[in-house]
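In: Need the 3D shape of this:
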Amino acid sequence: MSTHPTQSRPSAHSGRTSHPSHPILQRHCDVAVIGGSAAGLAAALQLSRQRRGVVVVDDGTPRNAPAAHMHGYLGHEGVAPGELTETGREEVRAYGGEVLSGRVVGVHRRDDGRFRLDLTGGHTLVARRVLAATGLSDELPAIDGVAGGWGRGVIHCPFCHGFEVRDQRVVQIVTHPLGLHPTPLFRHLTDRLTVVLHDPAGLDEGAVEALAASGVTIERAEVGRVLTGPDGEVSGVELGDGRVLEADAVVVGSRFRARADVLAGAGLTTTAHPTGAGDVLAVDPRGETAVPGIYAAGNVTDPSLQVLPSAAQGSQVGAMIAFSLAEEDLRSAVRHSGEQADWDHRYAGPDRAWSGNPNGTLVHEATALSPGRALDVGTGEGADALWLAEHGWKVTATDISGNALARVRAEAERRGLAVDLVRGDAGDPAPFGTETFDLVSLQYGSFKRTPDQRGLRSLLAAVAPGGTLLVVHHDLTPLSDPVDVATQTRMYDPAAFVGVDEIFDALTADPGTWRVEIHETRPRPAGAASSHHVSDVVLRATRSAV
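Out: Residues are numbered from 1 along each chain as shown. All right, here's what the predicted structure looks like:
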C-alpha cells in the first residue's frame, strides 16, 4: 500500500487516519446513529453485536450535561452522566462500532434508497438506516438565574433530583399550565414547599386550591430572579415586588423542542406533544418515523424518559433496525457487510487511492530478511505486496475490498508478478487459512475489535516459528486533541480498531513465544511525510523457533 496517499480516509484494513487537514471524506455504513448518549449508544451496541457497520456521530451536547449525577438507573445510581457515556462508548467500540466526534448538519435520501448525512467539515456518511437519538432542548423561562443554575440548584424532575432536596426549602416557579404536574411529588418530598404562580394563565384552579388546602404555600406573583449565595448555590427567589423567598432549591418546568432540524431534508417534521408543552418526533411501535429507514429513540420521541428508559428504548429500536436490515438482506439473498461496502466504495473510483510506492519502513526492515513466505494483511492497492514479490518473496495479500484486490491483480499482471489474493477480513474465521508465514506485515492496517480478540489471535497465529511480525501504524497522538464539532467531524475512531499498542501488549504477555525487537515511534521514511501524518509507530517481533 502507499505511503504517499493522494487522498486520505480512515482505514480498518489499509489504515489511513483522519485529521482535520485532510480532504473531504465520504464513508459508508449500515447504520448511522445521530447522538451518542444513552439511547444512541444502546442502539449502537445492539447493532454492533449483530455485526452491522455502525457509526455514531456525537457533538457532545447531551440534555443532562449540567447534571453532576444521574439517578434512578439501576446498577448505576449516582453515576456522573459522562461516566456512563464513556463506559457505553467503550462497550460499543469493543464490538467494532465507531463513535465520531462531530456534528450532523443534514440528512437526505439518495436515489438508491440510502441516506446521505452531511457532517461538519464537508464530510458525508452514507447509511442504509439512520437512527436519530438527538434528544431535545429545554426552553427555560426568561427569569434571571434560571439558566445559570439549571441542572444543579434549579431542577425540574422529582425523580432525577427530588431525593437530594428532601426536607429542604423548595420554591417552585410555575410558568405554564403543566407547571403543577410534579407538585404533589415535591410536596411529598418536603414540607417546606412554596409554589409561585409566575404565570397563572390556563392553570387548573382546583389543583391550586387543593395544594393550598394541603398546606402548600401559594404565592401569586411574578418572579424577578433566582438568587445565589457566595458559593454559587441557590439561596432564594426574589419576587417582582422585592420580597425574597429563601430557598435551597428551585423547581422550574421547561418547555421542550425535539432536536430534529437535521432531518428536515429527508422530509421529517416534528409533532406537537399532547401536553402542548413542546414537540417530539413521532415513531411507530418499532421506532420508525414517517420516513421509512429513519428511526428515532430517546427524549426526541418522549420528553419524560429518564436515562434508564432512554437506554432501554434505544436498545429496543436498535434491535428493530437489525431485524429490518436482516429482512432486507434475506430478500436480496445476500449477507451484507457494512465494512466491505465502505472499502469497496473507497476503491470503486478511477483514481489511485495511494501513491503506489511501498512503505519505506517495510523496505528497510524486510531487506535484511531472507525471502520466504509473506502475508500482507490489509494490502489496499498492493504496493507492499508487489515489492515483496519483486524481491523474491512468495506473497499472499488479503483485503476486505474486492475492488482493492482487483487493482492489485491488474498491477501484478502488468509487472508479471505472482501474488495470491484472498478477499476477507482479519476478523473472519481462519482469515489466512491454515498456513503460516515467515513474514506477516500489517502496514497502516487495522481491523475492528471483538471481545474475543479473534482478529488479533489470527494475526499472531499466522506467523511461522522463527518468523517475523512487522506492524507499522500511524502515530495517533494528534487524535487526542479535541475537535471543534461546529466546524469539523473526526471521521475515524481508532478506539474501535485493534491498534499497535494492543498488539504489543499481546506479544509481551507471552514472552516465551515472542521477542519484541522494535517498538518505537519514528519519523516516516524520507520522502514519505505529509502534513497530516509525520510519525510512525513501528513494532517488530520474532516468534520463537520452537
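
In: Can you read off the backbone torsions of the residue with the largest distance to the centre of the chain?
Out: Centroid-distance maximum for the chain: A213 at 51.3 Å, with Cα atoms, centre = their mean. Dihedral pair for A213: phi -60, psi -30, per degrees, to the nearest 10.

In: any idea how far D191 is from it?
Out: Distance of A213 to D191, computed by Cβ to Cβ, to the nearest Å: 15 Å. Yep, even glycine has a C-beta here, placed from its N, CA and C like the rest.

In: ditto for Q453
Out: Between Q453 and D191 the computed distance is 57 Å (Cβ to Cβ).

In: Comparing those two, which shows the higher neighbour count?
Out: Remark: of Q453 and D191, Q453 carries more neighbours, 15 against 10, as counted by other Cβ atoms under 10 Å.

In: ok, which stretches of the stretch 151-300 of the chain are helices?
Out: Under the criterion DSSP state H, counting those that start in this stretch, helices of the stretch 151-300 of the chain are mapped to 158-161, 183-189, 205-213.

In: Minimum distance to F497: which of the ones you listed has it?
Out: Nearest to F497 among these is helix 158-161 (36.3 Å), distances taken as Cβ to Cβ.

In: Mind listing what's buried along the closest one?
Out: Neighbour-count burial for helix 158-161 flags P158, C160, H161 (criterion: 16 or more other Cβ atoms under 10 Å).

In: repeat for stretch 146-161
Out: Residues 146-147, 149-158, 160-161 are the ones in stretch 146-161 that count as buried (16+ other Cβ under 10 Å).

In: from memory L239 sits against V226, does it?
Out: No: with contact defined as Cβ atoms under 8 Å, L239 does not count as touching V226 (11.1 Å).

In: So for the two, which sits in the more crowded spot?
Out: Neighbours per residue (other Cβ under 10 Å) separate L239 from V226, with V226 holding more: 25 against 18.

In: For the more buried one, give its distance to R414.
Out: Between V226 and R414 the computed distance is 75 Å (Cβ to Cβ).

In: Quick check, pLDDT for H176.
Out: For H176, the pLDDT comes out at 88.

In: Kindly report the same for H532.
Out: Listed pLDDT for H532 reads 55.

In: ditto for H474
Out: Looking at H474, its pLDDT is 89.

In: pull the longest strand from the chain.
Out: Identified as the longest strand of the chain according to DSSP state E is strand 463-474.

In: helices and strands around whichever helix or strand comes after it, which ones?
Out: Of the helices and strands lying after strand 463-474 in sequence (DSSP states H and E), the nearest is helix 500-508. Under the contact definition 3 or more Cβ pairs under 8 Å, 6 or more residues apart in numbering; DSSP states H and E, helix 500-508 sits against helix 454-461, strand 463-474, strand 514-523, strand 535-543.

In: Could you export the ones you listed to a markdown table, including columns for mean neighbour count?
Out: What follows is the helices and strands packed on helix 500-508, written out as a markdown table (neighbours: other Cβ atoms under 10 Å):
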| stretch | mean neighbour count |
| --- | --- |
| helix 454-461 | 19 |
| strand 463-474 | 21 |
| strand 514-523 | 13 |
| strand 535-543 | 20 |
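
In: Of all these, which one is nearest A389?
Out: That would be strand 463-474 among these, by Cβ to Cβ, at 16.2 Å.

In: Paired strands for that closest one, with orientation please.
Out: Paired neighbours of strand 463-474 in the sheet (DSSP bridges): strand 437-443 (parallel), strand 535-543 (antiparallel).

In: now the angle between strand 514-523 and the longest one, please.
Out: Counting by axes from the mean of the first three to the mean of the last three Cα atoms, to 10 degrees, strand 535-543 lies at 170 degrees to strand 514-523.

In: ok, and what's touching strand 535-543?
Out: 361, 365, 463-477, 500-501, 503-504, 507, 513-524 (Cβ atoms under 8 Å, 6 or more residues apart in numbering).

In: Averaged pLDDT, it. What do you get?
Out: Strand 535-543 shows a mean pLDDT of 95.

In: Show me what the longest helix seen in the chain is packed against.
Out: Across the chain, the longest stretch assigned as helix under DSSP state H is helix 307-332. The contact analysis (3+ Cβ pairs under 8 Å, 6+ apart) places helix 307-332 against strand 26-34, helix 38-49, strand 124-132, strand 294-296.

In: Distance from the chain centre to stretch 229-241, please.
Out: 40 Å (Cα atoms, centre = their mean, to the nearest Å).

In: Contacts made by it with the rest, please.
Out: 149, 152-154, 171, 173, 196, 219, 221-228, 244-250.

In: Buried ones among those?
Out: The neighbour-count test (16+ other Cβ under 10 Å) applied to the contacts of stretch 229-241 identifies 149, 152-154, 171, 173, 196, 219, 223-224, 226-228, 245, 247-250 as buried.

In: quick one on the thing from earlier: would you list the helices of the stretch 151-300 of the chain in TSV and tack on distance to G96?
Out: Shown next, in TSV, are the helices of the stretch 151-300 of the chain (distance: least, Cβ to Cβ, whole Å):
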stretch	distance to G96
helix 158-161	33
helix 183-189	43
helix 205-213	52
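
In: Which one, of those, ends up nearest to T436?
Out: Evaluated with Cβ to Cβ, the helices of the stretch 151-300 of the chain place helix 158-161 nearest to T436, the distance being 57.2 Å.

In: Give me the pLDDT value at G40.
Out: What the model reports for G40 is a pLDDT of 98.

In: Check the one 4 residues further on too.
Out: You'll see A44 listed with a pLDDT of 98.

In: List the residues that contact G382.
Out: Residues counted as contacts of G382 (Cβ under 8 Å, 6+ apart) are M1, D376, A397, A404, L405, R407, V408, E411, A412, V419.
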